[in-house]
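> Provide a 3D model corresponding to the input given below.
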Amino acid sequence: MHGLKGGARPQMNARQQMDGYRLLRSLKDESAALVIMDPQYRAVLDKMKLGNEGTRQKRRAELPQMSDHDITLFVEQIQRVLQPSGHLLMWVDKFIIASAHHLRYFNFTTWLRTVDLLAWDTQRFGMGKRLRAATEYLMIIQKEPTRAKDVWHNNSIRDFCSEKADRELHQHAKPMELTKTLILATTRRGDLVVDPCAGSYSTLRACRETGRNFMGCDLIGGSDE
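Have a look, this model is predicted:
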């Protein structure tokens, strides 16, 4: 687990430099309606032996990597802080999905169930020894009891999104409009949305624009806008 950053208590609706696991541990049981998680996976880089060093991957190399053990600990805490029927939106790549690598993150959880999957066309030409990666995937996971009625508020969202993200903000920035749409679909005004690997803080901006409360952090950068 990465070292903790700072000793201050986590703050609501602000950018802050802190370890995400510590932030999750600070939250009360069943306090969040939604958690969005975009881990910096180490597994795919090890598997493909592409590494993350050198000039071409300099920005990736600067990001702290998360081991499978780290991610599993995060998921355990997410299960605890989610409200019944609350959602976890977890970003993964095609290697993790195709190899079922993601299943190991849920070995010690009892109440989390995968209920859907969304594919995102990044509009970028990515890595790959055969097919070049141009998509990422969003696992839609729900804490039991699993249900859609009165919990999922938008039935017009397609399972495929093509939207360009601003990679100048962050190497792994995610699509802003999709983030906002999913927050509106899974939460109500005033609900708590948690992002323990906040990166570009697109989740914070989406929460500000939709009237949701945000609790999140990142190991790199923490000053508010």
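> what's the weakest-modelled helix or strand in this protein?
When the helices and strands of the chain are scored by mean pLDDT, DSSP states H and E, helix 58-61 comes last with a mean of 47.
> could you give the separation of the following helix or strand past that helix from the chain centroid?
Next in sequence after helix 58-61, counting helices and strands by DSSP states H and E, comes helix 68-81. Relative to its chain's centre, helix 68-81 lies at 12 Å (Cα atoms, centre = their mean, to the nearest Å).
> and stretch 155-166, by the same measure?
Chain-centre distance of stretch 155-166: 16 Å, with Cα atoms, centre = their mean.
> name the residues of that stretch that are buried.
Residues of stretch 155-166 classed as buried: 161, 165 (neighbour count, 16 or more other Cβ atoms under 10 Å). Yep, even glycine has a C-beta here, placed from its N, CA and C like the rest.
> ends of that stretch, what's the gap?
End-to-end span of stretch 155-166 (Cα to Cα, to the nearest Å): 27 Å.
> what does stretch 209-219 rub up against?
Stretch 209-219 is contacted by residues 2, 5, 10, 12-20, 23, 27, 32, 64, 180, 183-184, 187, 189-199, 201, 203-204, 206-208 when judged by Cβ atoms under 8 Å, 6 or more residues apart in numbering.
> which of the residues you listed fall in strands?
32, 192-195 (DSSP state E).
> pull out the buried members of the contacts of stretch 209-219.
5, 10, 14-16, 18-20, 23, 27, 32, 180, 183-184, 187, 191-199, 201, 203-204, 206-207.
> from Trp91, how far off is Ala165?
11 Å (Cβ to Cβ, to the nearest Å).
> list residues touching both of these two?
Joint contacts of Ala165 and Trp91 (Cβ under 8 Å, 6+ apart) are Lys174.
> what's across from the residue nearest to the spatial centre of the chain in the sheet?
Nearest to the geometric centre of the chain sits Met37, at 1.7 Å (Cα atoms, centre = their mean). Note on Met37: beta-bridge partners by DSSP bridges are Met90.
> offset the numbering so it begins at 17, please.
Happy to do that; since the first residue is 17 now, the last one works out to Met53.
> identify the residues contacting Gln93.
Gln93 makes contacts with 37, 40-41, 43, as judged by Cβ under 8 Å, 6+ apart.
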